[in-house]
Every structure is written in C-alpha cells, then in structure tokens.
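Student: Please find the sequence and the predicted model below.
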Amino acid sequence: MHVRHHPLLTRNPCTQRQLISLHYGQPGGAGKVYLQASLHADELPGMLALHHLRLLLDEAEARGEVLGEIVLVPIANPIGLEQTLMHDAMGRFDFNSGENFNRRYPDLAQMIQAQLGAELNDDPQHNQQLIRRAMAAALKRMLPGSELDSLRQAQLLLAHDADFVLDLHCDAQAVVHLYGETPYQAQLEPLARYIGAQATLLASGTGAGSFDEACGQPWWRLAQQFAGRFPIPSGCVAATVELRGEAQVEHPLARQDAAALYAFLQHRGLLAGTPPPLPALLQPITPFDGSLTLRAPCAGLVVFLHSPGAWIERDQPLVHIIDPISGTTQVVCSTTSGVMYMRSAIRFAAAGVELCKVAGAVPLAGGVVVSA
C-alpha cells in the first residue's frame, strides 16, 4: 500500500489541508474500485469500516491477493472534519459557503460531450478509455475558486476512472440502506446483498449533483446521447451506502461491514479467493420516488412508535406529536407500505421538520409527500 497526498487550495497563507488516499494494487489489473468515507464529516461509521477494511487489505496485499486497483479515502472531507460548534460536529454544510458538501459536483458529461463525437468509434473499449481521458483532462483544466471546489476536484481525479465507486455515509438513526441509479440495478444488487441493505433506492438522476451521481451518471447519459451511433459501455457504477446511524461507530458493526465490502471486492474480481455465497436480498429494490418522507404537522414532542427497519403498512401510525401544554396528541401515519429505513434524532420538532422515511414500492405523486 502506498499513500498519496493531495493538497487543497488554501484559504489563507498560514494553513493548508490535504486529501489523503491509500492505494492498493496497480492500475491495469482486474479493474479499479474507489471507496471514500465521511464526505459528510460528522457521519463516522464509514470511516471505521474503512479502518477495518484496510487491515484486511494489508493482509491480502502481503499474500499477493490484490488483483486490481483499490483506492481508500478514509477522510473524504478534511474541511468539514474541523468544523465544530459548541463541541458538536457540524460536517454536513461548509461554514464558509453554506453549501452541502455532497452537492454541486461538476457535470462531467456536459463538460466533455461536445468533443467526443469526432473521436468515438465502434469499439466500446476504445470509447471507454477515450471518455476517461477526456474526463481527466477536463478535471485538470478546472481552476477551483475555493477550498471546497478543490476538494471536489481532488476526489473526482481519484475516482473518475474507477469501475465502481462507493461513498460511505450514515443517517441520523437508520438501518443499512443504499442509493444508486436505475441503469445499474443489476450491478448494485450484489452490493445490496453483501452489505445487508434493508432498503435500496434507485433513480435515473435526482438532480442533486452528489458525488456518486457525478461519478456514475455521465456514462449512462453519454450512452443515451450517442445511442445508435457509438457504443458506450458502463464505465462506472456508483452508490451511496448509508451505514446505519450516526451513533453506531462500533467495532463489531464496522468489522461486519468491512467483511461485507471485502466479499464484494472478491465478487468483483479485485481480490483473490472465492467470495462468500451471495446472501439473500433482505428487501426488494424500490424506486427513489417511492420513498415517503413524513414531516411534523405541528410543533411538539416527538415519540416514534417503531424502530428503523420496521415494516410499515399503509395508514399505520408512525409517530406521536405531543403538545405538552394542551396535552393533545397528533398521530402521523404512513401513506405507503414499506420499510421505515431512517428516522430523525430530533425529539422536539418544529412544524414541517422531517421525521422519518419509508421505502415504498410504488412511485408517489410529486415524489416526496408530507403526511400527518
């Protein structure tokens, strides 16, 4: 394993942060997988999972069993990791700009599509390499105007040529779940099985500009644009993996997640050895626009009636909102059936605050629904 340091644009002459990446194997082998953790810097279960995966990869490397290129970025957001307010970590939004750290990544398809028409041909492998070179050149031409933009640039320079990209996050209180893109459902299902996802939500572009979309989305969009003219293979499959809740930074869970990721890397052929048999899919894959978001209809004390992972039927009560002054209770019910895969850590809510989400199989009118 070797370590690389990627300096970020400095905010002032006295300080400089850097992105640090750990590299196993060599380019040109059995493919490339990129894994990063804690892009939302206060979401730490993925950081511990990569710590334990690193220990497994060190052993595999010593045995000569790393067949492809594996890149780990255990701290994907050194900017957010330093942000605290009154001892509380505040790693989701950049204090300097107010931006969500997992938004506004550059649109690589848009940046390169105009130049591709004259160079693509009938060879899918030629086209894949051409697109990856064009992506790298476009990223290197970028002139970041902020430290945050330089972080996005550094991450994509490491990940743009990966066959598979995993962005490890967590939610407030949750079971393991993942987000991906519909064109890659077949490639994502083994991942969902190995990590034990209790919800897998897929969409063909949410418009969020997130890191995983920046990596995976250009390929199916370019394939659509050049359909019937040039074959564009699937150059990168990307997913956001939510490893339970923020407080679940625990060795047993992290070892379990690391073993699952190791098995997935074996399944992809990047590590020698027979991978464990594919586990059962715990819950069916569902559309992202079938996810129901329930919000507080009024202010009050929040009492959840179910834990994350519970199966919820349509019209079933999920939350009580209690007014301690009047003594009244409002009942929040689900308008769909599915798994409640996350809930908020807030226990006294203002009106309109997000409470929990249910992964339904049926797309909802308008996508996100407020239910009371």
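Tutor: Structure received. Numbering: from 1, shown residues only.
Student: Please tell me the pLDDT value assigned to the residue of the chain most remote from its centre.
Tutor: What lies farthest from the middle of the chain is Ser326; by C-alpha atoms, centre = their mean that is 42.3 Å. With respect to pLDDT, Ser326 scores 97.
Student: Which parts of the protein belong to which domain?
Tutor: 2-283, 287-360 (automatic domain parsing).
Student: before we move on, the earlier item: so the residue farthest from the centre of the chain, which state does it fall into?
Tutor: coil (DSSP: H, G, I helix; E, B strand; the rest coil).
Student: same thing with Ala186?
Tutor: Relying on three-state DSSP, one would call Ala186 helix.
Student: What distance do you get for it to Ile285?
Tutor: 10 Å (C-beta to C-beta, to the nearest Å). Where you see a C-beta, it was placed from the backbone N, CA and C, and this is true even at glycine.
Student: Who has more neighbours out of these two?
Tutor: Using other C-beta atoms under 10 Å, the more surrounded residue of Ala186 and Ile285 is Ile285, with 19 against 9.
Student: For the residue nearest to that one when sequence neighbours are not counted, grab the count of nearby residues.
Tutor: Once flanking residues are discounted, Ile285 sits nearest to Thr200: 4.5 Å by C-beta to C-beta, 6 or more residues apart in numbering. Thr200 has 27 neighbours, counted by other C-beta under 10 Å.
Student: so which strand or helix has Thr200?
Tutor: strand 199-203 (DSSP states H and E).
Student: again with Ala49
Tutor: Going by DSSP H and E, Ala49 is in helix 45-62.
Student: next SSE after that helix?
Tutor: By DSSP H and E, the next helix or strand past helix 45-62 is strand 69-73.
Student: Pairing partners for that next one, with directions?
Tutor: Each strand that pairs with strand 69-73, with its direction, by DSSP bridges: strand 18-24 (antiparallel), strand 32-37 (parallel).
Student: Pull the residues that contact it.
Tutor: Applying C-beta atoms under 8 Å, 6 or more residues apart in numbering, the set of residues contacting strand 69-73 from outside is 19-29, 31-37, 50, 53-54, 57, 155, 158-159, 162, 265, 270.
Student: Kindly give a single PyMOL line that selects the buried subset of those.
Tutor: Selection of buried members from the contacts of strand 69-73 for PyMOL, criterion 16 or more other C-beta atoms under 10 Å:
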select buried, resi 19+21+22+24+25+31+32+33+34+35+36+37+50+53+54+57+155+158+159+162+265+270
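Student: buried stuff in stretch 267-285?
Tutor: So, applying 16+ other C-beta under 10 Å, buried residues of stretch 267-285: 267-268, 270-271, 275, 282-283, 285.
Student: what about that stretch, start to end distance?
Tutor: 20 Å (C-alpha to C-alpha, to the nearest Å).
Student: quick one: that stretch to chain centroid distance?
Tutor: How far stretch 267-285 lies from its chain's middle: 19 Å, per C-alpha atoms, centre = their mean, to the nearest Å.
Student: what's next to that stretch, contact-wise?
Tutor: By C-beta under 8 Å, 6+ apart, stretch 267-285 touches 25, 29-33, 60, 63-70, 163-164, 185, 188-190, 192-194, 196-202, 262-266, 339, 359, 361.
Student: residue boundaries of the helices in this structure?
Tutor: With DSSP state H as the criterion, the chain has helices at 45-62, 78-81, 108-116, 124-141, 147-159, 185-195, 211-225, 251-267.
Student: between those, which gets nearest to Ala351?
Tutor: helix 78-81 (28.9 Å; C-beta to C-beta).
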